[in-house]
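A.B. asks: Make a model of this:
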Amino acid sequence: MNVVKGFDIGKDKVRVGMISFSTSTQLVFDFNRYSTKATVMNAISKAPKVGGSTYTYRALDQARTVLFQARSGMRYVKSELYELIFNELLSVSL
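C.D. replies: Okay, here's the model as predicted:
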């Protein structure tokens, strides 16, 4: 949640989506679901904790095929941002 605290979250600002992952993946919420920092942080705090092995590649695949789509509220971003997101996901999961 510390990462979220640093962003200005809003409908026309930064939006947040969340995928939980271990042995399997689950889309917790997409970019359309919450539009305030308080609701995002509340949703993250209430997200179920999962156990099992950490299959980061499955989370990245679900992010690419489900979360990073227009129907999930994804807006156009430059490829450098994708690289930042993927690198951040990898560093957090290690």
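A.B. asks: Check whether Asp61 sits in a helix, strand or coil.
C.D. replies: Secondary structure, DSSP: H, G, I helix; E, B strand; the rest coil: Asp61 is helix.
A.B. asks: Touching, Val50 and Val28? I think so.
C.D. replies: No. With contacts defined as Cβ atoms under 8 Å, Val50 does not count as touching Val28, sitting 10.2 Å away. For the C-beta atoms, the positions are set from N, CA and C on the backbone; glycine is no exception.
A.B. asks: can you give me the strands in the protein?
C.D. replies: With DSSP state E as the criterion, the chain has strands at 18-21, 25-29.
A.B. asks: Turn those into a markdown table, columns for distance to Arg64.
C.D. replies: Shown next, in a markdown table, are those (distance: least, Cβ to Cβ, whole Å):
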| stretch | distance to Arg64 |
| --- | --- |
| strand 18-21 | 11 |
| strand 25-29 | 11 |
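A.B. asks: now those strands in a markdown table, with mean neighbour count and mean pLDDT?
C.D. replies: Below are these laid out as a markdown table (neighbours: other Cβ atoms under 10 Å; pLDDT from 0 to 100):
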| stretch | mean neighbour count | mean pLDDT |
| --- | --- | --- |
| strand 18-21 | 19 | 92 |
| strand 25-29 | 17 | 93 |
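A.B. asks: measure Met74 to Ala63 for me?
C.D. replies: Distance of Met74 to Ala63, computed by Cβ to Cβ, to the nearest Å: 10 Å.
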